[in-house]
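Undergrad: Pasting the sequence and the predicted coordinates here, then a few questions.
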Amino acid sequence: MAELDTGGGGGKHKGGKVRSKKQSTRVDMTPMVDLMFLLITFFMLTTTLAKPQAMDLAMPDKNDQDPNEQLDVADTRTMTVLLGNKNRIEWYIGLVDDPKTPPTVENYGKNGIRKAILDKAKEIKGATGKDMIVLIKPSAKSNYKNLVDILDEIKITNVKQYAIVDITDPEIGLLKRDDIY
Amino acid sequence: MPKVKVPRKSTAIDMTAMCDVASLLLTFFILTATARQPEPLTVDTPTSTVKIKVPEVNIGTITVGDGKVFFGVKGQNVRISMLEKMGERYKIQFTPEEKKRFSLMESFGVDIRQLKQVIALSSADRNKEGLQPGIPVDSVGTAPSQLHDWIYQARVATKELNDEQMRVSIKGDSKEEYPAVKKIIDILQKQKVNKFSLITSLEGLD
C-alpha cells in the first residue's frame, strides 16, 4: 500500500564506486497518530461540553390589577431565605416579627444553607407531615450569582415548593442588623 | 530432532491505516464543531449543577452584564421578521440589505433609533467592547420599554414562523446586582412569561 521500497541499500560493490547508503523511506507514524487522537478527543469533548446549561425557573403569576395580592402560606412550614451582600445568607422560619427559629446567618454551600434546608425540611415534615416551603428573597445588595446558587441548592435539596419573592422592609432591617446589607 | 524455528516477525506495526482513520475523524469533528460566535457583551455565567442543555432553536437570550442589556434570538428568518415588526412599531424603515445584515447579528444592544448605525458597521467593529450601550429597559411614560417590545415581537415572530413558543433565557453575569436582573424578570412577567431559563455553566457537585 503506502509502503515504499524499504530494502536497505549499501553493500560494497566491486567497482569501487562509493554509493551513499540508501535510507529507509518508512516514516514512524506513531507520534502523528498520538497527536491525531489527542485532537479528536479534544474536539469531541468540546462540541458536547461547551453547550451552556439552562436552569428552568418558574415565577409566581403576577396580578396586574392587584399588585399587593398575596397568597397566604402556613408560617409554621415556611422557611424564608434572605440573600445579603458578601455572599451571606440569613434564614428563619415563620414570620419576620415572630420567627419560629431565630434568624441565622449562613454561608452558601454544602455545610451552610444546604445543611440548614435539609435539617429543617426533615423537621417540618416530621412535625406537620407536609413539605417545607422556601421563600427566596434577594435583597438589592445580592448579586445574580447568589440567586443562581440558592436556586441550585434548592434543586440539590429537592425542595418541591419554592418561590422568589420581593423583600420587605422589616427583612432589610434584619439584614442591616446582622451587617450583611 | 531438528528444532522448528519460528520466524521472528517485526514488531513495528504499519500505522498508515490508523493515521488515515484518525485524520478522517479529526476533519469531521473540526468541521461539525460550531465556531463560537463573537459576542458584543461577554459575561461570566455563574455555575450550577443542572444538566439540561440550552435548546438550539426558538430561544431568545437576554444578556445582562455590566449594567447593560443585550438581546438576541435564534434563527435568521425570525430575526428579520422581528426587525420588520419593530420597524413598524417605531416607524423606522429598514432596507432589505439592512435586514440581511441584521439577521446575521447574534445579539445587539442599542436603542432602536441607533440600530441603523450599528448594522452598518463591520462585525469586528460592532463587537468591540463598550460600543453598544445596551437596550433601554425603562418604560417611557405609559409606553413599555424597548426591551419589552423586542421580546414581545420576537415571541410573535417565532410563533408565526415556527409555530412554537419562544423560550426566554436570561444570561447574567455572576457579579451583576440583583435589581438589574429583577428588572428583566419584571419585564417578562408583564408579558405573562412566568417560566424562563437561567443560563449557567457546568459545575461539579461539592
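TA: Thanks, I have it. In this text, all values refer to a predicted model and were calculated from it rather than measured experimentally.

Undergrad: dump the residue contacts of B:Arg8.
TA: Under the criterion of CB atoms under 8 Å, 6 or more residues apart in numbering or on different chains, B:Arg8 has no neighbours. In short, each C-beta sits where N, CA and C put it, glycine included.

Undergrad: my hunch is that it is in a helix, does that hold up?
TA: No - going by DSSP: H, G, I helix; E, B strand; the rest coil, the assignment for B:Arg8 is coil, not a helix.

Undergrad: Let me know the secondary structure of A:Leu82.
TA: Classification of A:Leu82 by three-state DSSP places it in strand.

Undergrad: average pLDDT across the longest helix along chain A?
TA: Longest helix in chain A, counting residues (DSSP state H): helix A:30-49. Regarding helix A:30-49, the rounded mean pLDDT is 83.

Undergrad: And the next helix or strand after that helix, what's buried?
TA: Reading on from helix A:30-49 to the C-terminus, the next helix or strand found by DSSP states H and E is strand A:53-58. For strand A:53-58, the neighbour count (16 or more other CB atoms under 10 Å in any protein chain shown) marks A:Gln53, A:Ala54, A:Met55, A:Leu57 as buried.

Undergrad: Quick one: neighbours of B:Glu84, just the number.
TA: A count of nearby residues for B:Glu84, using other CB atoms under 10 Å in any protein chain shown, gives 16.

Undergrad: so it is in which element?
TA: B:Glu84 belongs to helix B:76-90, assigned by DSSP H and E.

Undergrad: contacts for that helix?
TA: Residues contacting helix B:76-90 (CB under 8 Å, 6+ apart): B:73, B:92-94, B:99-100, B:102-105, B:112-113, B:149-150, B:153-154, B:156-158, B:160-162.

Undergrad: again with stretch B:109-119
TA: Residues outside stretch B:109-119 that contact it (CB under 8 Å, 6+ apart) are B:40-41, B:63, B:68-71, B:86, B:90, B:92, B:94, B:98, B:101-102, B:105, B:108, B:126, B:131-136, B:146.

Undergrad: quick revisit: and the contacts of the longest helix of chain A?
TA: With contact meaning CB under 8 Å, 6+ apart, helix A:30-49 is reached by B:15, B:18-19, B:22-23, B:25-26, B:29-30, B:32-34, B:202.

Undergrad: quick one, what contacts A:Ala140?
TA: Here A:Ala140 is in contact with A:Ile167, B:Glu177, B:Tyr178, B:Pro179 (criterion: CB under 8 Å, 6+ apart).
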